[in-house]
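*Asks:* got a structure for you, letters missing:
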């Protein structure tokens with residue numbers, strides 16, 4: 001009688017097939033395409049977030065200055081161009097309206113945090129090798145609002161150091177994004193051409209600078225849209241700001 005042969009069991013094939021090289025390359029290509037789409041989108045969203053924060057801080061400055069006038073018989077805060085011991089620079093004078101405590105000196109331990117969170121523009125890029133900014137102040141104050149009897153300017157002796165003396169608050173600059181290294185103000189009464197405004201204002205949003213006006217609203221515009229005497233534009237001199 002013929003005995004049945006003993007059949008050895010064969011290993012079962014793996015039901016999960018491995019990726020082929022073509023499939024792996026396809027997955028890598030898809031990931032690369034998604035990355036090229038998403039990275040610019042993420043960058044744009046991040047930039048828009050900084051722009052919104054920048055606009056908010058600039059608006060807060062303008063509105064704090066308006067609140068300051070309400071508490072000081074209409075007087076605008078002063079920059080280093082016109083401050084005295086009784087009237088500190090605007091970045092100290094506005095601290096009660098921007099911060100949780102008044103800060104009367106840059107030596108105050110809280111000043112660094114106040115400066116970074118309230119006075120430093122998120123769009124003001126780091127430019128130094130040590131990770132600091134080229135300019136001390138992200139924003140500058142319009143000196144026209146504090147000119148005195150010893151200054152020389154168009155419109156003298158008219159003065160606009162009180163808010164109710166500004167005839168066109170909706171089109172008169174109070175703060176703007178600042179490119180100057182150590183100054184907290186703009187000596188706009190010395191400007192003679194549009195290139196002066198383009199030199200001093202920092203266009204941080206593409207080719208646009210951030211501008212806060214005396215009525216509290218904020219716009220992003222080209223520097224020449226605030227000052228171009230060849231075209232009759234001067235939003236710094238309060239008496240000329242309403243002219244077109």
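*Replies:* On my side now, so go ahead. Keep in mind that this is a model prediction, so the values were computed, not measured.
*Asks:* which SSE is immediately downstream of the helix of greatest length in the chain?
*Replies:* With secondary structure taken from DSSP state H, the chain has its longest helix at helix 21-71. Counting by DSSP states H and E, the next helix or strand C-terminal to helix 21-71 is helix 90-93.
*Asks:* just for the protein, where's the confidence low?
*Replies:* When residues are selected by pLDDT under 70, those of the chain lie in 1-19, 38-45, 126-132, 134, 244.
*Asks:* counting by contacts, list what the longest helix of the chain packs against.
*Replies:* Helices and strands touching helix 21-71, by 3 or more C-beta pairs under 8 Å, 6 or more residues apart in numbering; DSSP states H and E, are helix 95-98, strand 173-177, strand 209-213, strand 218-221. The way it works is simple: take the backbone N, C-alpha and C, and place the C-beta from them, glycine included.
*Asks:* how far does it sit from its chain's centre?
*Replies:* 14 Å (C-alpha atoms, centre = their mean, to the nearest Å).
*Asks:* again with stretch 160-179
*Replies:* 18 Å.
*Asks:* so how far is the first residue of it from its last?
*Replies:* Start and end residues of stretch 160-179 are separated by 24 Å (C-alpha to C-alpha, to the nearest Å).
*Asks:* buried residues, it. List them.
*Replies:* Under the neighbour-count criterion of 16 or more other C-beta atoms under 10 Å, stretch 160-179 has 160-161, 163, 166, 168-169, 171-179 buried.
*Asks:* farthest-apart pair in these, please.
*Replies:* Of all pairs drawn from the buried residues of stretch 160-179, the greatest distance, 26.5 Å, lies between 163 and 179 (C-beta to C-beta).
*Asks:* of the buried residues of stretch 160-179, just say which sits nearest to residue 102.
*Replies:* Closest to residue 102, out of all of these and judged by C-beta to C-beta, is residue 175, at 19.9 Å.
*Asks:* and the nearest residue to the closest one once chain neighbours are set aside, how many neighbours?
*Replies:* Nearest non-adjacent residue to residue 175, counting by C-beta to C-beta, 6 or more residues apart in numbering: residue 212, 4.1 Å away. By the measure other C-beta atoms under 10 Å, the count of residues near residue 212 is 28.
*Asks:* now residue 212: how far from residue 176?
*Replies:* 7 Å (C-beta to C-beta, to the nearest Å).
*Asks:* let me see the contact set for residue 76.
*Replies:* 65, 68, 69, 145, 146, 161, 162, 163, 174 (C-beta atoms under 8 Å, 6 or more residues apart in numbering).
*Asks:* and the gap between it and residue 65?
*Replies:* 6 Å.
*Asks:* then residue 225?
*Replies:* From residue 225 to residue 65 the distance is 21 Å (C-beta to C-beta).
*Asks:* secondary structure class for the closest residue to residue 151 other than its chain neighbours?
*Replies:* Of all residues not flanking residue 151 in the chain, residue 189 sits nearest, at 6.9 Å (C-beta to C-beta, 6+ apart). Assigned by DSSP: H, G, I helix; E, B strand; the rest coil, the conformation of residue 189 is helix.
*Asks:* if I read this right, residue 189 contacts residue 145, doesn't it?
*Replies:* No: judged on C-beta atoms under 8 Å, residue 189 makes no contact with residue 145 at a distance of 10.8 Å.
*Asks:* more crowded one of these two?
*Replies:* Between residue 189 and residue 145, counted using other C-beta under 10 Å, residue 145 has the larger neighbour count: 28 against 17.
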